[in-house]
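1. no letters, just coordinates:
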């Protein structure tokens, strides 16, 4: 059994209304040092198979097809066979 | 003109669309289940509003892989008319049938109210009976209508006359203060380069009878019928 983590983040230049709201909330709580905050998605996958390279290639395909929208989002995967 | 209203699990404007096509426009119409792979015999497919597959992951992201969508893609490529309303628009974006993507509204609120949209082109089948600059009062009801598109694609989209509607003032001025959701350049609706596929956030089916406060949605439905040479009783 292999495990994978997928991180989906908003591309630079795409306004993140949710992130902006949370940023303002943090500032109102007194955390003035926070300059920017972007909200993304984190996914954990359990995978059947051991070949790390093959799994990674498959995961990238999954990101491209479904897990991320390449128009607005970037993605990164980590695999542990 | 035969219409098919595609029903995804979570669609909730399917009955409204069916009603308008059947009772108001008097055209033959069927529901098409999302598991169907056969759309033969239809002239226009409607992807209605709602929350297909719960809008999980991203709006439209799962729905676009419904079995019916392969058939919709083929249908569109062959020149068939496809209109995606609200969630239907989001599905068309995810499917890559229209350019761009949807983000959360900038105000983070679900917005349900009448808006004014300006007709930006009368060269599409959907606006052939309208005037450029005509203002339509049609309601929106969405949480993700903040239309985003990479700059390069936006230039191309505008250049090809694909921007069909923009949010505007009641008089037709396209200004930031009349942008309800943060959409790039107030864009409310776009079509493909050929013009047979339209996506828009406002709901024309909710503005097709005087009892509902506006009949401006009929401009879109009737334009299509006129374009196709179908006569409709006034």
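-> Received the coordinates, thanks. Bear in mind the structure is a predicted one, so any value in this text is a computation, not a measurement. Residues are numbered from 1 along each chain as shown, chains lettered A, B, ... in the order given.

2. so where's chain B uncertain?
-> Low-confidence segments of chain B (pLDDT under 70): B:233-234.

3. what sits closest to the residue of it found nearest chain A if chain neighbours are left out?
-> Nearest residue of chain B to chain A, counting by CB to the nearest CB: residue B:101, 4.2 Å away. To be clear about C-beta, it is placed using only N, CA and C from the backbone, and glycine gets the same treatment. Nearest residue to residue B:101 in three dimensions, chain neighbours excluded: residue A:71, at 4.2 Å (CB to CB, 6 or more residues apart in numbering or on different chains).

4. the one you found looks like it's in a helix, true?
-> No - Residue A:71: not assigned to a helix; according to DSSP: H, G, I helix; E, B strand; the rest coil it is coil.

5. residue contacts, it?
-> Residues in contact with residue A:71 (CB atoms under 8 Å, 6 or more residues apart in numbering or on different chains) are B:100, B:101, B:148, B:149, B:150.

6. so which of the residues you listed sit within strands?
-> Mapping the contacts of residue A:71 onto strands (DSSP state E) picks out B:101, B:148.

7. residue B:68: what's it in contact with?
-> Contacts for residue B:68 (CB under 8 Å, 6+ apart) come out as B:6, B:32, B:33, B:34, B:35, B:36, B:37, B:39.

8. same check, this time on residue B:111
-> Residues near residue B:111 by CB under 8 Å, 6+ apart: B:105, B:140, B:141, B:142, B:143, B:145, B:180, B:181.

9. next up, phi/psi of it, please.
-> Main-chain dihedrals, residue B:111, degrees, to the nearest 10: phi -110, psi 120.

10. do the one 4 residues further on as well
-> Listed backbone geometry of residue B:115 is phi -130, psi 170, with angles given as degrees, to the nearest 10.

11. okay, and the beta partners of it?
-> Beta bridges link residue B:115 to residue B:138 when assigned by DSSP bridges.

12. now swap in residue B:119 and tell me
-> Bridge pairing for residue B:119 (DSSP bridges) gives the partners residue B:165.

13. show me what from chain B comes close to chain A.
-> B:57-58, B:61-62, B:65, B:94, B:100-101, B:103-108, B:146, B:148-150, B:182 (CB under 8 Å from any CB of the partner chain).

14. of the contacts of residue A:71, buried ones?
-> Among the contacts of residue A:71, the ones that count as buried by 16 or more other CB atoms under 10 Å in any protein chain shown are B:100, B:101, B:148, B:149, B:150.

15. now residue B:44: phi and psi?
-> Residue torsions, per degrees, to the nearest 10, at residue B:44 are phi -140, psi 130.

16. how close does it sit to residue B:232?
-> 14 Å (CB to CB, to the nearest Å).

17. neighbour-wise, which of the two wins?
-> Neighbours were counted for residue B:44 and for residue B:232 using other CB atoms under 10 Å in any protein chain shown; residue B:44 has more, 23 against 14.

18. could you report the neighbour count for the residue lying closest to that one once chain neighbours are set aside?
-> Once flanking residues are discounted, residue B:44 sits nearest to residue B:81: 4.0 Å by CB to CB, 6+ apart. Residues within reach of residue B:81, counting by other CB under 10 Å, total 22.

19. residue B:81 touches residue B:39, doesn't it?
-> No - using CB atoms under 8 Å, residue B:81 is not in contact with residue B:39; the gap is 11.5 Å.

20. what do the two both touch?
-> Common contact partners of residue B:81 and residue B:39 (CB under 8 Å, 6+ apart): residue B:45.

21. are we agreed that residue A:75 is in a strand?
-> Yes - according to three-state DSSP, residue A:75 belongs to a strand.

22. can you check the pLDDT for it?
-> pLDDT, residue A:75: 98.

23. kindly report the same for residue A:50.
-> Residue A:50 carries a pLDDT value of 75.

24. gap between it and chain B?
-> 27 Å (CB to the nearest CB, to the nearest Å).

25. rewinding a little: so who does the residue nearest to residue B:44 touch?
-> So residue B:81 contacts B:43, B:44, B:45, B:125, B:196, B:197, B:224, B:228 (CB under 8 Å, 6+ apart).

26. and the first one, how many neighbours?
-> In terms of burial, residue B:43 registers 17 neighbours under the definition other CB under 10 Å.

27. just send the contacts of residue B:81 back as TSV, with secondary structure too.
-> Listed next are the contacts of residue B:81 as TSV, based on three-state DSSP:
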residue	secondary structure
B:43	coil
B:44	strand
B:45	strand
B:125	coil
B:196	coil
B:197	strand
B:224	helix
B:228	coil
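
28. quick check on these: which are buried?
-> Among these, those classed as buried by neighbour count (16+ other CB under 10 Å) are B:43, B:44, B:45, B:125, B:196, B:197, B:224.
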